[in-house]
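Visitor: Show me how the following folds:
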Amino acid sequence: QVHLAESGGGLVQAGGSLRLGCAVSGRTFNSYAMGWFRQAPGKEREFVSTITWSGGSTRYADSAKGRFTISRDVANDTVYLQMNSLKPEDTAVYYCAAGAVFLPLATMERVERYAYWGQGTQVTVSS
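Guide: Below is the predicted model of the structure:
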């Protein structure tokens, strides 16, 4: 049974930082990519960032470049999303996801590439 559990969401003022975590259990993910997506009220779920579990290759949405950093701790089966310089438009439920890697890595920006999803964690950025 695969299980992804997000943590670290909360309320922060604009310009602040949060670090989201995603604990992975139930199987090994050596050939997988771990993604972060977000969904704001009334909007579709959108890609934020992804990282390959084995080699650590990364990709970011334009909205995340320069502000967010994705990383993974292989020893502890955890993926992180460090979010700095947060803006009110970053307010959303953030989801962790796992999916078999397809290349080029740009294909991993698609929601349907991910087979496993966490329950999500709320991030609220006040102005």
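Visitor: The chain: strands as residue ranges?
Guide: Assigned by DSSP state E, the strands in the chain fall at 3-7, 10-13, 18-25, 32-39, 46-52, 58-60, 68-73, 78-83, 92-100, 116-117, 121-126.
Visitor: Just give me the residue closest to the centre of the chain.
Guide: Among the residues of the chain, the one closest to the centroid is W36, at 1.8 Å (Cα atoms, centre = their mean).
Visitor: For that residue, give the beta-bridge partners.
Guide: S49, C96 (DSSP bridges).
Visitor: Look up how far K43 lies from it.
Guide: When distance is defined by Cβ to Cβ, to the nearest Å, W36 is 16 Å away from K43. Just so you know, the C-beta spots here come from the backbone N, C-alpha and C atoms, and that holds for glycine as well.
Visitor: same thing with D62?
Guide: Distance of D62 to K43, given as Cβ to Cβ: 16 Å.
Visitor: Please say which of those two ends up with more neighbours.
Guide: Between D62 and K43, counting by other Cβ atoms under 10 Å, K43 is the more crowded of the two (9 against 6).
Visitor: Grab the nearest non-local neighbour of the more buried one.
Guide: The shortest distance from K43 to any non-neighbouring residue, by Cβ to Cβ, 6 or more residues apart in numbering, is to A92 (7.9 Å).
Visitor: what is that neighbour paired to in the beta sheet?
Guide: Here A92, judged by DSSP bridges, has bridge partners V123.
Visitor: number of nearby residues for it?
Guide: 22.
Visitor: wait, isn't it in contact with A40?
Guide: Yes: look at A92 against A40 with Cβ atoms under 8 Å: they come within range, at 4.2 Å.
Visitor: Low-confidence bits of this structure, can you list those?
Guide: Residue ranges of the chain with pLDDT under 70: none are present.
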